[in-house]
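*Asks:* 3D, please:
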Amino acid sequence: RAVPPPTAAEHAAAAGVVLEPLHSFSNAERVAAASGWAVVKGFWVFELADAPPSASFVAVRHWWNATSSGGWVDLTPRLSE
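*Replies:* Residues are numbered from 1 along each chain as shown. From the prediction side, this is the model:
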């Protein structure tokens, strides 16, 4: 399941929270403390286009949040932002 980009309202729910790229665990915990949202623990799964089929996927542990309505929110900034 892909996490869509955060909305303005979702950013506002975590206003004042310091968020850092590559620190999804602490970011998700800080957002949870500020907003009351749950922490979701999972993985980003990437497909490597130029890799052989037996080695074409890689998984990276990543945490994000779930709102009270169940929607997923990932406020960790991407390196390109």
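*Asks:* contacts only, for residue 22.
*Replies:* Counting by C-beta atoms under 8 Å, 6 or more residues apart in numbering, residue 22 touches 76, 79. (Glycine included, C-beta is placed from N, CA and C.)
*Asks:* against residue 9, how distant is it?
*Replies:* As defined by C-beta to C-beta, to the nearest Å, residue 22 lies at a distance of 25 Å from residue 9.
*Asks:* cool, and residue 28?
*Replies:* Counting by C-beta to C-beta, the gap from residue 28 to residue 9 is 18 Å.
*Asks:* looking at these two, which is more packed in?
*Replies:* Under the criterion of other C-beta atoms under 10 Å, the comparison of residue 28 against residue 9 puts residue 28 first, with 25 against 9.
*Asks:* okay but the more buried one is in contact with residue 76, surely?
*Replies:* Yes: between residue 28 and residue 76 a contact is recorded at 7.4 Å, counting by C-beta atoms under 8 Å.
*Asks:* so which bits of the helix or strand containing residue 39 are buried?
*Replies:* Assigned by DSSP states H and E, residue 39 falls within strand 38-47. The neighbour-count check on strand 38-47 (16 or more other C-beta atoms under 10 Å) flags 39-40 as buried.
*Asks:* sheet partners, orientation included, of that strand?
*Replies:* strand 57-66 (antiparallel) (DSSP bridges).
*Asks:* which residues does the strand it pairs with contact?
*Replies:* Against strand 57-66 from outside (C-beta under 8 Å, 6+ apart): 3, 24-25, 27-29, 31-32, 35, 37-48, 72-76.
*Asks:* and that strand, average pLDDT?
*Replies:* For strand 57-66, mean pLDDT is 94.
*Asks:* touching the helix or strand that that strand is followed by from outside, list them.
*Replies:* Using DSSP H and E, the helix or strand that directly follows strand 57-66 along the chain is strand 72-73. The contact list for strand 72-73 (C-beta under 8 Å, 6+ apart) reads 1, 3-4, 6, 10, 31, 37, 40, 64-67.
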